[in-house]
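Asks: Using only what follows, build the 3D model:
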Amino acid sequence: MPDPAAPAFRPKLDPEVEELLQYLDGVLNDYGKYIAQIGSLKYTAPQLLYYRDEVQDLLEALAGEKDLDLKPYWQRLRDYDLQLRAKATVFVQEVGHSNFKQYQIINNPPLNRWWWYLNRTTANLAERAPSWQWWRSKE
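Replies: Residues are numbered from 1 along each chain as shown. Reported below is the predicted structural model:
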């Protein structure tokens, strides 16, 4: 399905670039679907991190193409990223704080790939003692 945010006129591109753009559209759509389903993803929740990586890799690969306007794709990605950040607490709970640490060890993502480190920006509610048990609090 063509992206409504894509430019109406685009110069003739190399067939490989066209194929990458179609793939980028599909991956972006999947990334958006995963974000919309945060809270009910269950065991597939970590897949969202890999979709986000794939989108980043594709946009970086296409960045060197002249005559190619990637702005609509970056804007779409920004909108999805804002939604992910807004749902970060629920998403991290769904994946699990300790699982995030495991994925960081396994994948060793660079720090500029912030989505792999969302667990560092959210509270681990599973380890938090109730307020009335102040003596158990780690804070």
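Asks: any idea which residue sits dead centre in this structure?
Replies: In the chain, the residue lying closest to the centroid (C-alpha atoms, centre = their mean) is Arg52, at 3.6 Å.
Asks: hang on, isn't it packed against Trp115?
Replies: Yes: look at Arg52 against Trp115 with C-beta atoms under 8 Å: they come within range, at 4.8 Å. Bear in mind the C-beta positions are built from the backbone N, C-alpha and C, glycine included.
Asks: overlap in contacts of the two?
Replies: Common contact partners of Arg52 and Trp115 (C-beta atoms under 8 Å, 6 or more residues apart in numbering): Asp81, Leu84.
Asks: Quick one: residues in contact with the helix or strand where the residue nearest to the centre of the chain lies.
Replies: Here Arg52, judged by DSSP states H and E, is contained in helix 47-62. Helix 47-62 has contacts (C-beta under 8 Å, 6+ apart) with 17, 20-21, 23-24, 27-28, 30-31, 34-35, 38, 41, 68, 70, 73-74, 77, 81, 84, 91, 103, 109, 113, 115-116.
Asks: Averaged pLDDT, that helix. What do you get?
Replies: Averaging pLDDT along helix 47-62 gives 96.
Asks: What are the buried residues along the helix or strand following it?
Replies: As assigned by DSSP H and E, the chain's next helix or strand after helix 47-62 is helix 71-86. Judged by neighbour count using 16 or more other C-beta atoms under 10 Å, the buried positions of helix 71-86 are Tyr73, Arg76, Leu77, Tyr80, Asp81, Leu84.
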